[in-house]
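Student: Predicted structure and sequence below. I'll ask about it afterward.
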Amino acid sequence: MIIANTILREFRVTEKAANLAANLNQYTFEVNPRANRKEVARAVEKVFNVSVTKVNILNRKPKAKTDRSRGGRPGTKGGLKKAIVSLKEGDKIELV
């Protein structure tokens, strides 16, 4: 099991994430690539003192890129793992 502080990397602040939080009580986090749904749910419950009802996980694949500073050699732009966490009605995460 991974420690809660290493599971949740950062809160995603995008227009879509803001709409989900305001309308559907769902919050989007970038998470550790090795974390699973249960670990993400436990981490959110522990850090924010809320009840999690559902966790959706999305893996974004790395994009292929060429770097001109390295002589045009191919490389990748890192992928990430996102978690969309649904909370029990009445619970809310206040992010400053």
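Tutor: On my side now, so go ahead.

Student: residue contacts, Ile7?
Tutor: Counting by Cβ atoms under 8 Å, 6 or more residues apart in numbering, Ile7 touches 31-32, 35, 39-40, 43. For every residue, glycine as well, the C-beta is placed using N, CA and C.

Student: 6 Å instead?
Tutor: Counting by Cβ atoms under 6 Å, 6 or more residues apart in numbering, Ile7 makes contact with 31-32, 35, 39, 43.

Student: Make JSON lines out of the residues you listed and add neighbour count, pLDDT and secondary structure.
Tutor: Shown next, in JSON lines, are these (neighbours: other Cβ atoms under 10 Å; pLDDT from 0 to 100; DSSP: H, G, I helix; E, B strand; the rest coil):
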{"residue": "Val31", "neighbour count": "27", "pLDDT": "96", "secondary structure": "strand"}
{"residue": "Asn32", "neighbour count": "17", "pLDDT": "95", "secondary structure": "coil"}
{"residue": "Ala35", "neighbour count": "22", "pLDDT": "94", "secondary structure": "coil"}
{"residue": "Glu39", "neighbour count": "21", "pLDDT": "96", "secondary structure": "helix"}
{"residue": "Ala43", "neighbour count": "25", "pLDDT": "96", "secondary structure": "helix"}
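
Student: Can you tell me which of the residues you listed is closest to Thr53?
Tutor: Nearest to Thr53 out of these is Ala43 (Cβ to Cβ; 15.2 Å).

Student: What helices and strands are in contact with the lowest-mean-pLDDT helix or strand in the chain?
Tutor: The helix or strand of the chain with the poorest confidence is strand 73-77; it has a mean of 83 (mean pLDDT, DSSP states H and E). Under the contact definition 3 or more Cβ pairs under 6 Å, 6 or more residues apart in numbering; DSSP states H and E, strand 73-77 sits against strand 63-67.
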